[in-house]
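> Structure, please.
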Amino acid sequence: RTPAFALSRPPGHHATRTQPMGFCIFNFGAATALWLLKHDPCVNKIAILDWDVHLGNGLVDILKDEPRVRYVSLHQVPCYPYQGEELGEVG
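I've put the predicted structure just below:
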C-alpha cells in the first residue's frame, strides 16, 4: 500500500447533501472520499485538511457519520457559514 495525497481546488465544501451553498453546487471533496471508500479496497481511511477562510459545512454535513474519514478545518472565525466557532467542536 502506498499513501496518496491530493491537492485539489475547488472542493465544493459548502454544498450539503440536499442544498448548494456558498457558490458550491457539488461537494467534490466528500464525493471523492466516499467513492474511494466504496470502490477501492486498498483505501480504508481518509483524512481531509480544509485550509480556507470558511468552514466546509457541507463536508461536515456529508461526512459526519463516516468513521473512516477525519475532517480538519482551518478557518477564520467569525465568517460564513457562521459555524465551527466553538473550540473543540466535533461533528
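> pLDDT below threshold where in this protein?
87-91 (pLDDT under 70).
> mind checking the longest helix of it?
When the chain is parsed with DSSP state H, its longest helix is helix 28-39.
> Okay, buried residues for it please.
Neighbour counts using 16 or more other Cβ atoms under 10 Å place 28-30, 32-34, 36-37 of helix 28-39 among the buried residues. Quick note: C-beta positions are derived from backbone N, CA and C, even for glycine.
> Can you spell out which helices and strands pack onto that helix?
Here helix 28-39 touches strand 46-51, helix 57-63, going by 3 or more Cβ pairs under 8 Å, 6 or more residues apart in numbering; DSSP states H and E.
> right, so those: which one is the most enclosed?
helix 57-63 (a mean of 22; mean count of other Cβ atoms under 10 Å).
> Pick out the residue closest to the middle of the chain.
Computing the C-alpha centroid of the chain and ranking residues by Cα atoms, centre = their mean puts residue 59 first, at 3.3 Å.
> I'd say that residue and residue 27 touch.
Yes - counting by Cβ atoms under 8 Å, residue 59 touches residue 27, with 6.7 Å between them.
> shared neighbours of these two, which are they?
Both residue 59 and residue 27 are contacted by 11, 13, under the criterion Cβ atoms under 8 Å, 6 or more residues apart in numbering.
> what's the closest of the buried residues of helix 28-39 to residue 45?
Comparing these against residue 45 with Cβ to Cβ picks out residue 37 as the nearest, at 8.4 Å.
> residue contacts, that closest one?
By Cβ under 8 Å, 6+ apart, the neighbours of residue 37 are 43-44, 46, 66, 68-69.
> so of those residues, which ones are in helices?
Using DSSP H, none of the contacts of residue 37 sit in helices.
> Relative to residue 33, how far out is residue 63?
Distance, residue 63 to residue 33, using Cβ to Cβ, to the nearest Å: 7 Å.
> Overlap of the contact sets of those two?
What both residue 63 and residue 33 touch, as defined by Cβ under 8 Å, 6+ apart, is the set 48, 69.
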